[in-house]
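Undergrad: Give me a model of this one.
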Amino acid sequence: VRVSPRQAVAGCRLAQALTQYCVGANYGWLLAEGLFLHKLLVLAAFSGERCLPAFLLLGWGAPVLFVVPWVVVRYLYENEGCWERNEKAAVWWIIRCPILMAVAVNFVVFVRIVRILVAKVRAHQVSRGDTRVR
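TA: The predicted structure is shown next:
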């Protein structure tokens, strides 16, 4: 089966778009897991089933919101080769910005989780009355 150069480039671009979606989904799910853990620690009567649709939307749906615009802008303004090079920084920021925001929010959630865990450990130690652990 012969593949024309045009089909090869289209397949390569599709692979690039799928790669960007998968990277975005990884960060989306990382954020969803952090938010889930935070809710588990903060809310005593938290039901994960009620929030599952929101977490699914964050993990699988959010990347579509920036990958599709990236594909459109890339096709219109930087449609060269296999889209493996990023010569126009503005186009690349369509992918970078949401990922950096997810990392920043996840870092804040991480810090809050650590603070909650430290407070719980300290409260447990004080309630035991063991002076050696203070």
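Undergrad: Going by C-alpha atoms from here, please, whenever you check contacts or count neighbours.
TA: Will do.
Undergrad: The lowest-mean-pLDDT helix or strand in the chain: what's the following helix or strand?
TA: Across the helices and strands of the chain, the lowest-confidence element by mean pLDDT, DSSP states H and E is helix 48-56, at a mean of 86. Using DSSP states H and E, the next helix or strand after helix 48-56 towards the C-terminus is helix 62-77.
Undergrad: Mind giving me the packing neighbours of the helix or strand harbouring residue 17?
TA: Residue 17 belongs to helix 5-42 when assigned by DSSP H and E. Packing contacts for helix 5-42, counted by 3 or more CA pairs under 8 Å, 6 or more residues apart in numbering; DSSP states H and E, involve helix 48-56, helix 62-77, helix 89-128.
Undergrad: so how far is the longest one off the chain centroid?
TA: It stands for helix 89-128. 13 Å (CA atoms, centre = their mean, to the nearest Å).
Undergrad: got the buried residues for it?
TA: Neighbour counts over helix 89-128 (16 or more other CA atoms under 10 Å) mark 91, 94, 95, 98, 99, 102, 103, 106, 109, 110, 113 as buried.
Undergrad: and the residues you listed as CSV, adding distance to residue 31 and pLDDT?
TA: Below are the buried residues of helix 89-128 laid out as CSV (distance: CA to CA, whole Å; pLDDT from 0 to 100):
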residue, distance to residue 31, pLDDT
91, 24, 94
94, 19, 96
95, 16, 95
98, 12, 97
99, 10, 97
102, 6, 97
103, 8, 97
106, 6, 97
109, 9, 96
110, 10, 96
113, 13, 94
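Undergrad: Residue 75 - how many residues pack around it?
TA: Neighbours of residue 75 under the rule other CA atoms under 10 Å: 13.
Undergrad: The one 3 residues further on too?
TA: Residues near residue 78, counting by other CA under 10 Å, number 16.
Undergrad: how about the nearest residue to it, chain neighbours excluded?
TA: Using CA to CA, 6 or more residues apart in numbering and skipping the chain neighbours, the partner closest in space to residue 78 is residue 88 (7.5 Å).
Undergrad: on that earlier part again, pipe the helices and strands packed on helix 5-42 into CSV and attach distance to residue 35 per row.
TA: Formatted as CSV, the helices and strands packed on helix 5-42 follow (distance: least, CA to CA, whole Å):
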stretch, distance to residue 35
helix 48-56, 9
helix 62-77, 15
helix 89-128, 7
